[in-house]
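Peer 1: I'd like to go over a predicted model; first the sequence, then the structure.
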Amino acid sequence: MVMLRPVALLAFLGSVVLACSADKPAPPTETPPPSESAAASTSPTPITTPGTSLTPRAGVSTDLGTAKRFESEGDLEAASEAYVAAAAKGGAEKGEATLGAARVLLELDRPADVRILLEPFVNNATGGDVAARYMLARAYAALELWAESLAQYDAYIASNRAALPYAYLDRSRDLVMLNQPVAAANSAQQGLNLGVPPGQRRAFILAIAQAYERAGSFSDAIRNYRNLIDTSDLAGDEALALSRIAAIKRDLNDPTYHDDIFRLVAGYPSTPQALQDMTDAIARGETFPPTVVGLVYYRNNDYTKAEPLFRQQIDAAPNAADSAEAYYYLAAVLESKSDFAGAKEDYATAAALNPASTIADDALWWRGRLLEDDGDRDGAGALYRRILNEYPNSTWASDAAFRVGLLPYRVGSYGAAGDAWVQALAVGALAGEQQRFNLWQAKARLKAGDKDGAKALLDPMARAAEDDYYGIRALGLLAGDSAIPRATRESKVSLTPSFDWGAAEAWLAQKTGRTVVAGAWASDYRWGRAQELWTVGRSSQGDAEAFDLIETYAQDSIAMYTLSRTLQGQGRIGMSARSGQRLLRTLNTNPNEGLPKPLLSLSYPPAFGPIVQKYADEEKISPLLMLAFIRQESFFDPRAISPAGALGLTQVLPTTGRSLSAKLGVTVEEDEDLLHADLNLRLGARYMADQLRSFDSQIFVAFAAYNAGPNGANRWRAASGDDADLFLETVEFKETRLYIELVAENYAIYRYLYADEDAPALP
């Protein structure tokens, strides 16, 4: 079953101005101290002459902590200068500063500088400084000095350091370039054999497959490409593997290659690989069913080419079950053109022609929404009931059950609405959405004048789910507030609170009956490996090892607390917050049940507090509101880049960033500039302020606009009025609804932690 109709998803993606993550919730990454100089926000002009940047500049701080802060904020130019200055100062910190400078220079794509910096350094490197050989190997590879790079990887591997598997993987790339593909495959296999987290296995397997293909060992290549399909859960990996298998078979004159292309095209139509391979195959005279070809064009946003192909299928077999999907996707195209009558007709035909199709329930759902928009509530309700009766396992089942109650609610039949939601609870159609239905039962009872009945539903929610969206909304309804919350600037914000960690640890010890000390995770090989990978600049791999470590010990509250605090002390607040989130899940305790604020703050830290405060004040918005949506957008990772190309803490798309920068009189020379925390937060604050001004400070509407664009936000507000819960339910995209819920939840908790609220609450 399809979660979103294709046209809805494409329209949603096309209107996104600032991208987000819809996974719950995305904790932050860094909490640096206040800026010490203007260098934090203004990077110097990049120096391109090799070696020039290794001469310390007058006035640059030699403090290693300052260098680390600049790096954490994404201001790599300032970080490189500070690390170089700290290294030149000498002393006990010289080695760490040199490694930091090399790490940042690699990310700035200055391998020649890294070579100049590290060649003399590795000759005297001892202990932890052996990591320099890994980075020197990377620099040589970037300079296409493959033999020199290989020698450094071999020296690093001989030292048996913690990042060994990844050194074998990187070494394999050198061997490929040295025309030793079998040795390259063996090297990647050696790394894989040492064990890596599941999410990292794909990189090793792909390297092995590609090396064997280059070596002409085609059976080994195909075997490993198939292994990649079995291992990876990324559509892009699976599409690439199928493409390469088909290409190898075609070169070997194996006629079954077309089966693999068909599997690629039919199974992964949204991927660029499917579009390219299909286009090439058609150019060779190969054929595919018109609906399959149309869907590939459709998923790649080419409606002009897609529509006639769907019509071709329908014209050839208008009453065939195989034409159901063509009718469905044609309906979506027509809906995108505002031909709602044609869309409703084709959705109906799609569901009728093949009730067993995977799109039948989707067709019923979207036709129901169109009927509802037209005011045909009886027709819409009949379709929602069909979904419940005929497709109880549909991804739309809980939404259909909800709308069966919402239809009478919207015309004032509150008793009928409540009865529908009670019935839905009784038959178990909710898929874990009991709180949503209980909240709306309470709203119906309030509308009907049954305050006691409503209170009986809301009180338990407010207590048991105090830091959850629906518990927060229950608290609002108990206070008589059903309107969309409006932005405010809290009067008592403190982003540098003095938490009593000793008392929090005492509470945790009593809660668990254990002593609060670091446990097995501290000696786990993944901990040491993550530290080493972070040191050599393999941040994503280091994060993967840390994630794996967190998941292993996630059910151990003491482990999650001590790990979170350790990561916090290292300045890795994003990873600390992930541990903190697991801690909260395991404790399963709310503030009203005694959960100390310090423990809650581990998952909701005031990251980048000084910069956030600065630009929130400039734009006259709440810094806590800023933190709430930054947390959801990027996990407070200043180097975050989304698949759609959105950048940094507030996930600014380059086009939006340049437009906002022009308004602010700031020059953005390269997209990379948008990864600087200072600039990114300045732009994000302006964009959020613009949304709030455009939507009368209604934060739910502003969140919707931030996530899905202003057109949808305007439409949803017009259809729902000033009712917060009705606005949320009017939003047709599940992703946007979830986004609004999560950012609102974040905001309420930030207000509780840093604005002296008695409980998590919205303004």
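Peer 2: Thanks, I have it. Residues are numbered from 1 along each chain as shown.

Peer 1: show me where the stretch 401-550 of the chain has its helices.
Peer 2: 414-427, 434-447, 451-464, 469-478, 501-512, 525-535, 539-552 (DSSP state H, counting those that start in this stretch).

Peer 1: identify whichever of the ones you listed lies nearest to residue 569.
Peer 2: helix 501-512 (11.5 Å; C-beta to C-beta). Any C-beta I mention is one placed from the backbone N, CA and C, and that applies to glycine too.

Peer 1: returning to what we had before: tell me the most buried of the helices of the stretch 401-550 of the chain?
Peer 2: Comparing the helices of the stretch 401-550 of the chain by mean neighbour count (mean count of other C-beta atoms under 10 Å), helix 469-478 comes out on top with a mean of 23.

Peer 1: okay, angle between that one and helix 434-447 too, please.
Peer 2: Per axes from the mean of the first three to the mean of the last three C-alpha atoms, to 10 degrees, the angle that helix 469-478 makes with helix 434-447 is 10 degrees.

Peer 1: how far does helix 469-478 sit from its chain's centre?
Peer 2: Relative to its parent chain, helix 469-478 has a centroid offset of 26 Å by C-alpha atoms, centre = their mean, to the nearest Å.

Peer 1: any idea of the angle that helix forms with helix 451-464?
Peer 2: Going by the same axes, to 10 degrees, helix 469-478 makes 140 degrees with helix 451-464.

Peer 1: C-alpha coordinates for helix 469-478, CSV please?
Peer 2: Backbone C-alpha positions of helix 469-478 (Å, rounded to 0.1, in the frame of the first residue of the first chain) are rendered in CSV as follows:
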residue,chain,number,x,y,z
TYR,A,469,2.4,16.0,21.7
TYR,A,470,-1.0,14.7,22.6
GLY,A,471,-0.4,15.0,26.3
ILE,A,472,0.7,18.6,25.7
ARG,A,473,-2.4,19.3,23.7
ALA,A,474,-4.5,17.6,26.4
LEU,A,475,-3.1,20.1,28.9
GLY,A,476,-4.0,22.9,26.6
LEU,A,477,-7.6,21.7,26.3
LEU,A,478,-7.9,21.3,30.0
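
Peer 1: which residues sit against it?
Peer 2: 435-436, 438-439, 442-443, 446, 454-455, 458-459, 461-466, 482, 485, 590, 724-725, 741-742, 744-745, 748, 759-762 (C-beta atoms under 8 Å, 6 or more residues apart in numbering).

Peer 1: what does stretch 241-254 give?
Peer 2: 206, 209-210, 213, 218, 221-222, 225-226, 228-229, 232, 256-258, 260-261, 263-264, 267-268, 273, 276-277.

Peer 1: swap in 6 Å and give it another go.
Peer 2: With contact meaning C-beta atoms under 6 Å, 6 or more residues apart in numbering, stretch 241-254 is reached by 218, 222, 225, 228, 229, 257, 260, 261, 263, 264, 273, 277.

Peer 1: what's the farthest-apart pair in these?
Peer 2: The widest separation within these (C-beta to C-beta) is 19.5 Å, between 218 and 273.

Peer 1: neighbour-wise, which of the two wins?
Peer 2: residue 273 (21 against 16; other C-beta atoms under 10 Å).

Peer 1: contacts only, for the closest residue to that one other than its chain neighbours.
Peer 2: In space, and not counting its chain neighbours, residue 273 is closest to residue 239: 4.0 Å by C-beta to C-beta, 6 or more residues apart in numbering. Residue 239 sits next to 264, 268, 271, 273, 274 when contact means C-beta under 6 Å, 6+ apart.

Peer 1: so where do the helices sit in the stretch 551-700 of the chain?
Peer 2: Under DSSP H, counting those that start in this stretch, the stretch 551-700 of the chain gives helices at 557-569, 573-587, 597-601, 609-619, 623-634, 654-664, 677-694, 699-708.

Peer 1: can you check the stretch 251-400 of the chain too?
Peer 2: So, for the stretch 251-400 of the chain - with DSSP H, counting those that start in this stretch - the helices run 257-267, 272-283, 290-299, 303-316, 324-336, 340-353, 360-373, 377-390, 397-410.

Peer 1: and residue 64, which of the ones you listed is closest to it?
Peer 2: Closest among the helices of the stretch 251-400 of the chain, using C-beta to C-beta: helix 272-283, at 43.6 Å.

Peer 1: elements contacting the closest one?
Peer 2: helix 235-251, helix 257-267, helix 290-299 (3 or more C-beta pairs under 6 Å, 6 or more residues apart in numbering; DSSP states H and E).

Peer 1: what about that helix, average pLDDT?
Peer 2: The pLDDT scores in helix 272-283 average 97.

Peer 1: how about low-confidence regions in the stretch 51-200 of the chain?
Peer 2: Applying pLDDT under 70 to the stretch 51-200 of the chain flags residues 125-128.

Peer 1: switch the cut-off to 50
Peer 2: Residue ranges of the stretch 51-200 of the chain with pLDDT under 50: none are present.

Peer 1: before we move on, what about the chain?
Peer 2: Using pLDDT under 50, the flagged stretches of the chain are 1-47.

Peer 1: where is the longest helix in it?
Peer 2: helix 734-754 (DSSP state H).

Peer 1: now for it, which elements pack on it?
Peer 2: On a contact count with 3+ C-beta pairs under 6 Å, 6+ apart, helix 734-754 meets helix 469-478, helix 623-634, helix 699-708.

Peer 1: list the buried residues of the helix or strand that the last one is followed by.
Peer 2: Right, the one you point to is helix 699-708. Sequence order places helix 710-720 as the next helix or strand after helix 699-708, per DSSP states H and E. For helix 710-720, burial by neighbour count (16 or more other C-beta atoms under 10 Å) applies to 710, 712, 713, 716, 717, 720.

Peer 1: let me know the closest of those residues to residue 624.
Peer 2: For the buried residues of helix 710-720, the nearest to residue 624 is residue 713 (21.4 Å; C-beta to C-beta).

Peer 1: wait, doesn't that closest one sit right on residue 704?
Peer 2: Yes - between residue 713 and residue 704 a contact is recorded at 4.2 Å, counting by C-beta atoms under 6 Å.
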